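Student: no sequence on this one, just coordinates:
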Ligand SMILES: [Zn+2]
């Protein structure tokens, strides 16, 4: 069971879920996320390739990665968490005979920055563009998560497989500065990265204290990171109200395709569905409706984005949990995500 608990504890970044919920969510994660199929890059626009973030039983998830072929090398948007995800990125670079020139990280969660140290080892000159939010996370959130992992490792003496997974996670946290930026994104700006003009946008206190999203004017592809996640938004480090405002900013960009942090690439009309469902979820949670009505509201509003019964079932569990623990009955710790 510990292996399952571990998945959920670490789903977004390594977050302190309450024990009964950890088990419940983790069991569902293990049951619902399906078989590992290997992550090969698929072309979604000219010079733009998508590597899906895998989530498999007894295995913490990876976020999606996008690779853009730029004049001076490859740009990797988010690097996943696990070795097989970063290996897929490196295999792609090798097959293209191109160096990785830059990483852009959407945010500091380990399923998005976990491949950074490995890619930097292979390509020592690459630049890493990200906000500085990981600094506070390393001192607070990730330090707490590491302490939790050490406790669980000590308890898991009879489960060497779980211990091994958790030690890998601890080693990732201990990579420290190798997870963070070489080039800080402190404000929204159009930058030339590896010779390719890209619009980088910074949102503060949305999914995390600093979230970067990218609009590529050449292909009109928008890379959203976890500002868009399926089958439900992940609220563990979020300021929900500011996140809602950020979705309005995304809407203003003239994109034709949007790549979420988790889930399949979508078009404008699907993003509009997500945005409306997100807003209605917040309104419902802020009102007097029964929790079950808010849960079913998300399921109905986001229905076209939840193609399988396992998506629906998992979304239902997540939203139920988030209403109780993040959208209602909000603790001081969670309220601080809007101000820290
Ligand atoms: Zn994520």
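Tutor: Okay, I see it. None of these values were measured; they are calculated from a predicted model.

Student: Any chance of the backbone angles for residue 110?
Tutor: phi -70, psi -20 (degrees, to the nearest 10).

Student: For it, give its distance to residue 213.
Tutor: The gap separating residue 110 from residue 213 is 19 Å, by CB to CB, to the nearest Å. C-beta: built from backbone N, CA, C; applies to glycine.

Student: more crowded one of those two?
Tutor: residue 213 (29 against 25; other CB atoms under 10 Å).

Student: Now do the contacts for that one.
Tutor: Counting by CB atoms under 8 Å, 6 or more residues apart in numbering, residue 213 makes contact with 106, 200-201, 203, 222-225, 227, 250.

Student: Can I get those residues in a markdown table including neighbour count?
Tutor: Shown next, in a markdown table, are the contacts of residue 213 (neighbours: other CB atoms under 10 Å):
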| residue | neighbour count |
| --- | --- |
| 106 | 28 |
| 200 | 20 |
| 201 | 20 |
| 203 | 26 |
| 222 | 27 |
| 223 | 31 |
| 224 | 28 |
| 225 | 28 |
| 227 | 28 |
| 250 | 20 |
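
Student: where does the stretch 201-340 of the chain have low pLDDT?
Tutor: Applying pLDDT under 70 to the stretch 201-340 of the chain flags the ranges 340.

Student: Get me the contact residues on it for the ion.
Tutor: 226, 261 (CB under 5 Å from the ion).

Student: Residue 335: neighbour count?
Tutor: Count around residue 335 with other CB under 10 Å applied: 11.

Student: And it, how close does it get to residue 252?
Tutor: As defined by CB to CB, residue 335 lies at a distance of 28 Å from residue 252.

Student: what do you get for residue 180?
Tutor: Using CB to CB, one gets 29 Å for the distance from residue 180 to residue 252.

Student: Tell me which of those two has more neighbours.
Tutor: Legend: neighbour count by other CB under 10 Å for residue 180 and residue 252, higher for residue 180 (21 against 8).

Student: Please report phi then psi for residue 43.
Tutor: Dihedral angles of residue 43 (phi, psi; degrees, to the nearest 10) stand at phi -80, psi 130.

Student: before we move on, the earlier item: possible to save the contacts of residue 213 as a markdown table with distance to residue 84 and secondary structure?
Tutor: Below are the contacts of residue 213 laid out as a markdown table (distance: CB to CB, whole Å; DSSP: H, G, I helix; E, B strand; the rest coil):
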| residue | distance to residue 84 | secondary structure |
| --- | --- | --- |
| 106 | 20 | coil |
| 200 | 28 | strand |
| 201 | 30 | strand |
| 203 | 30 | strand |
| 222 | 27 | strand |
| 223 | 22 | strand |
| 224 | 24 | strand |
| 225 | 21 | strand |
| 227 | 26 | strand |
| 250 | 30 | helix |
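
Student: ok, what's across the strand from the nearest residue to residue 216 once chain neighbours are set aside?
Tutor: Excluding its sequence neighbours, the residue lying closest to residue 216 (CB to CB, 6 or more residues apart in numbering) is residue 198, at 5.7 Å. Counting by DSSP bridges, residue 198 is bridged to residue 191.

Student: what's near enough to touch residue 198?
Tutor: Residue 198 is in contact with 68, 75, 104, 190-192, 214-217, counting by CB under 8 Å, 6+ apart.

Student: Filter these down to just the ones in helices.
Tutor: Using DSSP state H, no member of the contacts of residue 198 falls in helices.

Student: Going by distance to residue 161, which of the residues you listed wins?
Tutor: Closest to residue 161 out of the contacts of residue 198 is residue 104 (33.7 Å), distances taken as CB to CB.

Student: Okay, the closest one and the ion: tell me how far apart.
Tutor: Separation of residue 104 from the ion (CB to the ion, to the nearest Å): 15 Å.

Student: Next: residue 91.
Tutor: 22 Å.

Student: Let me see the ranges of the strands in this structure.
Tutor: Per DSSP state E, the chain carries strands over the ranges 42-45, 48-51, 65-70, 73-77, 100-104, 127-130, 183-184, 189-193, 196-204, 210-216, 221-229, 257-262, 266-267.

Student: Can you add distance to residue 291 and give the contacts of residue 213 back as JSON lines?
Tutor: Output for the contacts of residue 213, formatted as JSON lines (distance: CB to CB, whole Å):
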{"residue": "106", "distance to residue 291": "30"}
{"residue": "200", "distance to residue 291": "38"}
{"residue": "201", "distance to residue 291": "34"}
{"residue": "203", "distance to residue 291": "28"}
{"residue": "222", "distance to residue 291": "32"}
{"residue": "223", "distance to residue 291": "33"}
{"residue": "224", "distance to residue 291": "28"}
{"residue": "225", "distance to residue 291": "28"}
{"residue": "227", "distance to residue 291": "25"}
{"residue": "250", "distance to residue 291": "28"}
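
Student: possible to save the strands of the chain as JSON lines with distance to residue 138?
Tutor: Listed next are those as JSON lines, based on distance: least, CB to CB, whole Å:
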{"stretch": "strand 42-45", "distance to residue 138": "32"}
{"stretch": "strand 48-51", "distance to residue 138": "26"}
{"stretch": "strand 65-70", "distance to residue 138": "22"}
{"stretch": "strand 73-77", "distance to residue 138": "21"}
{"stretch": "strand 100-104", "distance to residue 138": "17"}
{"stretch": "strand 127-130", "distance to residue 138": "13"}
{"stretch": "strand 183-184", "distance to residue 138": "15"}
{"stretch": "strand 189-193", "distance to residue 138": "25"}
{"stretch": "strand 196-204", "distance to residue 138": "18"}
{"stretch": "strand 210-216", "distance to residue 138": "13"}
{"stretch": "strand 221-229", "distance to residue 138": "18"}
{"stretch": "strand 257-262", "distance to residue 138": "20"}
{"stretch": "strand 266-267", "distance to residue 138": "32"}
